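Undergrad: model the following, please.
(2 chains)
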Amino acid sequence: MLKFLRRYYRFLLSLLFLVLSLQFSFSRRNLPFPFRQMVSAVSTVSFSLAGGVAGLIDSLKELGRDYLFLRGVVEENEKLRKELELLRLKVARLEELEKENERLKKLLAFAGDGSDLGETVTARVITQDLTPWSKGFFISAGQDEGIERGMAVLTPEGIVGKVYRVFEKASYVVSLLDHRFTLDVRTGKGRVRCLLKGTGSGVVVKYLRTTDDVEEGELLVTTGFEGRFPRGFPAATIASMEEIPGSIFRKVEALPLVDLRKVEEVFVLKGVRESTGRKK
Amino acid sequence: MKLLRGDRGVRVLIPALVGVGGALFNMVFVVPLFSSRFSIDFPLLVILYYSFFEDVPTGIVPVLFLAGMREALMGGAEGGFFFGSVSLYFGVHLFFEKFFVESETFLFFVLLSVFAGESVVVSLIRHTVYEFSPPSFYVFGEVVRIVENSFIAIPLYYSLQRKVRRAVVLP
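TA: Residues are numbered from 1 along each chain as shown, chains lettered A, B, ... in the order given. Here you go, the predicted structure:
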């Protein structure tokens, strides 16, 4: 037995790790001790080093820019830009709330349950996914900031994605384009409920029937049923629609409202606040 | 020829530093400026280097670190890339030991098979779990990535061997 193990231990270990790899890939379990702690430590080291290098480059760039040319103006501009982003976030919410208000008035059943954005964490995009298999990116907020898996990631323009994995000081976000991203949405005008899904290269809308009153260019907003996303937040617009012969559903493609290549800072929504003050 | 004291440490450390440095280079320069398609999977290349040219007891420590790095930076399901990388380390070592042919072409084709195998497995898992159907440009991109990774491995391995030899051997 010992002779057999000694002879074939590499093969057996390779097989064992292969089975573990496949099992973890399919089951979405958490890594056990001590691997989880090890990966967390390695991720902290990697992101710190990458942050250090990127920070050094940024510092050198800023040094030249700030001290030689526009020292005061750049700082002020940065401050105003952040203020503007927050205001745009509020305006986007107000516009949606206004529409919701009108709709409820029409129904003469004002319930007064308009949801609102809860506590948010601002995070910087560290880097995009290093593989072409995924359309995700890493952000500079993790367990230390109270980030959890499934939390909504937004910008003032709309939904960006959701948190997929959380490390100590960073998190991995799957964007709208990623094939692992799904979101419960409804159309802006017709209020038809459907599913937004990433394909790896674009976004499609599932379960829109041929009889549904939907137009191209229509806004898709979140339903809030998932609990992690605010209600009525803009996510995408309908880009094209096509009838599928013999099917009750349409083939619908959507366009994200956010240009994902240009995202530099995001808001992570830690919880959705209801009008009662209760957190989901 | 006389080996320096601590040569094992140097033999292990130099490739590991190349793997870590390469991953950081991808994170800071390649992916933000170009595309993930052009990023070279340095941690996996170095894991395979240990598998080809290092004994198991020496190589396993940096392999675990680099596997952890792949796991942290590749945004897959928890454990998938970590255990997959370690499995490749043992599996390729075994294969290389049995059928070793000292030629660049052989090495190139082994690497090509490893990268292609990993790509197919990842795509199949994602297809099964998330209904991921790869578009044609994705397949083309993958082919480009696999070939460029395998191509770059040959000069990388030989330069690493030269560096390691220079660092550990006194004339």
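
Undergrad: the residue in chain B positioned nearest to chain A: neighbour count?
TA: Closest residue of chain B to chain A, Cβ to the nearest Cβ: residue B:79 (3.0 Å). (Glycine included, C-beta is placed from N, CA and C.) Residue B:79 is flanked by 25 other residues according to other Cβ atoms under 10 Å in any protein chain shown.

Undergrad: tell me the secondary structure for whatever residue of the stretch 51-200 of chain A ends up closest to chain B?
TA: The stretch 51-200 of chain A approaches chain B most closely through residue A:179 (4.1 Å), counting by Cβ to the nearest Cβ. Using DSSP: H, G, I helix; E, B strand; the rest coil, the structure places residue A:179 in coil.

Undergrad: what does the one 5 residues further on give?
TA: Per three-state DSSP, the local secondary structure of residue A:184 is strand.

Undergrad: for the one 10 residues further on, same thing?
TA: Secondary structure of residue A:194, reduced to three states by three-state DSSP: strand.

Undergrad: what's around it, how many residues?
TA: By the criterion of other Cβ under 10 Å, residue A:194 has 24 neighbours.

Undergrad: that one against residue A:206, yeah?
TA: Yes - judged on Cβ atoms under 8 Å, residue A:194 makes contact with residue A:206 at a distance of 6.3 Å.

Undergrad: about what we covered before: got a pLDDT number for the residue of the stretch 51-200 of chain A closest to chain B?
TA: On pLDDT, residue A:179 comes in at 88.

Undergrad: contacting residues for it?
TA: By Cβ atoms under 8 Å, 6 or more residues apart in numbering or on different chains, residue A:179 lies in contact with A:134, A:135, A:197, A:198, A:199, A:200, B:126, B:130, B:131, B:132.

Undergrad: hmm, try it at 6 Å
TA: By Cβ atoms under 6 Å, 6 or more residues apart in numbering or on different chains, the residues touching residue A:179 are A:198, A:199, A:200, B:130, B:132.

Undergrad: distance of it relative to residue A:33?
TA: Note on residue A:179: its distance to residue A:33, by Cβ to Cβ, to the nearest Å, is 31 Å.

Undergrad: tell me if residue A:205 really is in a strand.
TA: Yes - read with three-state DSSP, residue A:205 is one of the residues of a strand.

Undergrad: tally of neighbours for it?
TA: What residue A:205 shows, counting by other Cβ under 10 Å, is a neighbour count of 24.

Undergrad: hmm, back to that, among the contacts of residue A:179, which ones are buried?
TA: A:198, A:199, A:200, B:130, B:132 (16 or more other Cβ atoms under 10 Å in any protein chain shown).

Undergrad: does residue A:30 count as helix, strand or coil?
TA: Quick answer, by three-state DSSP: residue A:30 is coil.

Undergrad: residue nearest the middle of chain A, spatially speaking?
TA: Among the residues of chain A, the one closest to the centroid is residue A:161, at 1.6 Å (Cα atoms, centre = their mean).

Undergrad: get me the contact residues on chain B for chain A.
TA: B:24, B:26-28, B:31, B:36-37, B:39, B:68-69, B:71-75, B:77-80, B:83-84, B:86-87, B:90-91, B:93-94, B:122, B:125, B:130, B:132, B:135, B:141 (Cβ under 6 Å from any Cβ of the partner chain).

Undergrad: and the residue nearest to residue A:198 when sequence neighbours are not counted, how many neighbours does it have?
TA: Once flanking residues are discounted, residue A:198 sits nearest to residue A:181: 3.9 Å by Cβ to Cβ, 6 or more residues apart in numbering or on different chains. Close neighbours of residue A:181, defined as other Cβ under 10 Å, add up to 24.

Undergrad: likewise for residue A:219?
TA: Residue A:219 is flanked by 18 other residues according to other Cβ under 10 Å.

Undergrad: give me the beta-bridge partners of it?
TA: Listed by DSSP bridges, the beta-bridge partners for residue A:219 are residue A:237.

Undergrad: and the pLDDT at residue 73?
TA: The chain I'm using is chain A. Residue A:73 carries a pLDDT value of 77.

Undergrad: if you could check chain B rather than the one you did, that'd help
TA: As predicted, residue B:73 sits at a pLDDT of 87.

Undergrad: measure it to residue B:67 for me?
TA: Relative to residue B:67, and taking Cβ to Cβ, residue B:73 is found at 11 Å.

Undergrad: residue A:168 now?
TA: As judged by Cβ to Cβ, residue A:168 and residue B:67 stand 18 Å apart.

Undergrad: equivalent analysis for residue B:158, please.
TA: As judged by Cβ to Cβ, residue B:158 and residue B:67 stand 24 Å apart.

Undergrad: which residues touch residue A:33?
TA: By Cβ under 6 Å, 6+ apart, residue A:33 lies in contact with nothing.

Undergrad: pretty sure it sits in a strand.
TA: No - counting by three-state DSSP, residue A:33 falls outside a strand, being coil.

Undergrad: show me what from the stretch 101-250 of chain A comes close to chain B.
TA: Residues of the stretch 101-250 of chain A lying near chain B by Cβ under 6 Å from any Cβ: A:127-134, A:136, A:172, A:179-180, A:200-201.

Undergrad: what is the top helix by length along chain B packed up against?
TA: The single longest helix within chain B, with elements called by DSSP state H, is helix B:136-168. Judged by 3 or more Cβ pairs under 6 Å, 6 or more residues apart in numbering or on different chains; DSSP states H and E, the packing partners of helix B:136-168 are helix B:7-25, helix B:104-130.

Undergrad: pull the CA atoms of the shortest one into CSV?
TA: What that stands for is helix B:7-25. Extracted as CSV, the C-alpha positions of helix B:7-25 are listed here (Å, rounded to 0.1, in the frame of the first residue of the first chain):
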residue,chain,number,x,y,z
ASP,B,7,20.8,27.8,-3.6
ARG,B,8,17.5,26.0,-3.2
GLY,B,9,15.9,29.1,-1.8
VAL,B,10,17.2,31.1,-4.8
ARG,B,11,16.0,28.5,-7.2
VAL,B,12,12.5,28.8,-5.7
LEU,B,13,12.5,32.5,-5.1
ILE,B,14,13.5,33.9,-8.5
PRO,B,15,10.7,32.2,-10.5
ALA,B,16,8.2,33.1,-7.8
LEU,B,17,9.2,36.8,-8.0
VAL,B,18,8.8,36.7,-11.8
GLY,B,19,5.3,35.2,-11.3
VAL,B,20,4.2,37.9,-8.8
GLY,B,21,5.9,40.7,-10.8
GLY,B,22,4.2,39.5,-14.0
ALA,B,23,0.8,39.4,-12.4
LEU,B,24,1.3,42.9,-11.0
PHE,B,25,2.4,44.2,-14.4
